[in-house]
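In: my questions concern the predicted model and sequence given below.
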Amino acid sequence: MTAKSIDQRFVVVPAAYVFLLRESASGTEVLLQLRQGTGYMDDHWAAAAAGHVERGETAYDAARREALEEIDVDDLELSFITAMQRTRGGEPIDERIDFFFTARSWSGTPRIVEPSKCADLGWFSLIALPDPVVPHELRVLQGIVAGDLAPYTTFGFAEATTGRDR
């Protein structure tokens, strides 16, 4: 067996997501953004703050940076909820590892900072989410509601390979 050269290996792209949560008369609400102009899942609702982890940056630091850059909030009290390994149809070039966090405390008032990428920003009950929500993010939101979100989850892998997505 020969060793693979570096250009034959696939790259796993890490990203951090933050779901801001608050309590209201109708229960727990989550802040979501309506994506636009990004080329990925435009016209879908998604975490209000999310983005790639940069070289040398922890997922926690990326989550805080993205929240400041995208919705102008700081001093988040982050709680890690799951790491999701995902793919799109088994295309190795598209392997992802997503780190999901919630925050129930922060400073500042969330607002749209990047209007070219965000058409709207709104609070939604976790049991009455808008449609459509980015599918892998919806899976995490449903796990929050059900209370059965595992620390490690998968999305997009064939059932024959991993049993089933969790």
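Out: Sure, I can see it.
In: what segments of this protein are helices?
Out: Using DSSP state H, the helices of the chain run over 59-71, 135-146, 159-162.
In: turn those helices into CSV, columns for mean pLDDT, mean neighbour count and distance to residue 28.
Out: Quick note: C-beta positions are derived from backbone N, CA and C, even for glycine. Formatted as CSV, the helices of the chain follow (pLDDT from 0 to 100; neighbours: other C-beta atoms under 10 Å; distance: least, C-beta to C-beta, whole Å):
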stretch, mean pLDDT, mean neighbour count, distance to residue 28
helix 59-71, 98, 20, 18
helix 135-146, 96, 18, 8
helix 159-162, 44, 9, 30
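In: quick one, strands of the chain?
Out: All strands of the chain, identified by DSSP state E, fall at 13-24, 27-35, 45-47, 49-52, 78-86, 96-103, 118-125, 152-155.
In: would you list those in TSV and tack on mean neighbour count?
Out: Below are the strands of the chain laid out as TSV (neighbours: other C-beta atoms under 10 Å):
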stretch	mean neighbour count
strand 13-24	19
strand 27-35	19
strand 45-47	26
strand 49-52	21
strand 78-86	18
strand 96-103	22
strand 118-125	15
strand 152-155	17
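In: quick one: closest of these to residue 132.
Out: With distances scored as C-beta to C-beta, the stretch of the strands of the chain nearest to residue 132 is strand 45-47 (6.9 Å).
In: can you pull up the most central residue in this protein?
Out: Geometric centre of the chain, nearest residue: residue 17, 3.6 Å, by C-alpha atoms, centre = their mean.
In: how much space between that residue and residue 158?
Out: Distance check for residue 17 against residue 158: by C-beta to C-beta, to the nearest Å, it reads 24 Å.
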